[in-house]
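Engineer: Need the 3D shape of this:
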Amino acid sequence: MADATDPERRRHFRGKARAGRRVRVRYRRRGDGPWIDAETRNIGVGGAFILAAALPVRAEIDLEIDVAGRGRPLPLTAEVRWSARDGVGVQFMDVDIDVLLELNGYLATFTGADAAEVGASGDEA
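Structural biologist: Numbers count the residues shown, from 1 in each chain. Next up, the predicted model:
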């Protein structure tokens, strides 16, 4: 079985449609600064593209996602992997397995998809 670094497998996951993946989030530079409200253009269990964010590549951020039915936002940490005119692509870092499962379940509600269809490759952004 191919691993997540296999280019063909990565193309397979990245090629999946992410319809409806606009999710309200908030973020800040890791550990300090004010929280900034934002929206993702797409999001998966490996990362997200955050619209209108202006952060340098390699910057670490705290990220919170409001998940319906959860008492408080789902906390994640991420690293900016690339930057574009309209936002930044981030990769989630050191995600606790319980948080990963909860995020996967939440994202699956958007399309009725399982983990493979929501981008389990870890290279979502």
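Engineer: burial of the residue nearest to M93 when sequence neighbours are not counted, as a residue count?
Structural biologist: Nearest non-adjacent residue to M93, counting by C-beta to C-beta, 6 or more residues apart in numbering: T77, 5.0 Å away. (C-beta placed from N, C-alpha, C; glycine too.) When counting by other C-beta atoms under 10 Å, one arrives at 15 neighbours for T77.
Engineer: Tell me the secondary structure at T77.
Structural biologist: strand (DSSP: H, G, I helix; E, B strand; the rest coil).
Engineer: Return the distance of it relative to F110.
Structural biologist: According to C-beta to C-beta, to the nearest Å, T77 stands 23 Å off from F110.
Engineer: in this structure, which spans are helices?
Structural biologist: Ranges of helices within the chain are 7-14, 97-111, based on DSSP state H.
Engineer: Compare the mean pLDDT across those and name the weakest.
Structural biologist: Within the helices of the chain, confidence is poorest for helix 7-14, with a mean of 44 (mean pLDDT).
Engineer: any idea how far R26 is from A108?
Structural biologist: In terms of C-beta to C-beta, R26 sits 22 Å off from A108.
Engineer: Could you do N42 as well?
Structural biologist: N42 is 15 Å from A108, where distance means C-beta to C-beta.
Engineer: more neighbours, these two?
Structural biologist: A side-by-side neighbour count of N42 and A108, using other C-beta under 10 Å, places N42 first with 21 against 15.
Engineer: ok, the more buried one touching A48?
Structural biologist: Yes: taking contacts as C-beta atoms under 8 Å, N42 lies within contact range of A48: 6.7 Å.
Engineer: can you map out the strands along this structure?
Structural biologist: Ranges of strands in the chain, per DSSP state E, are 24-29, 36-43, 47-51, 60-65, 74-84, 87-93.
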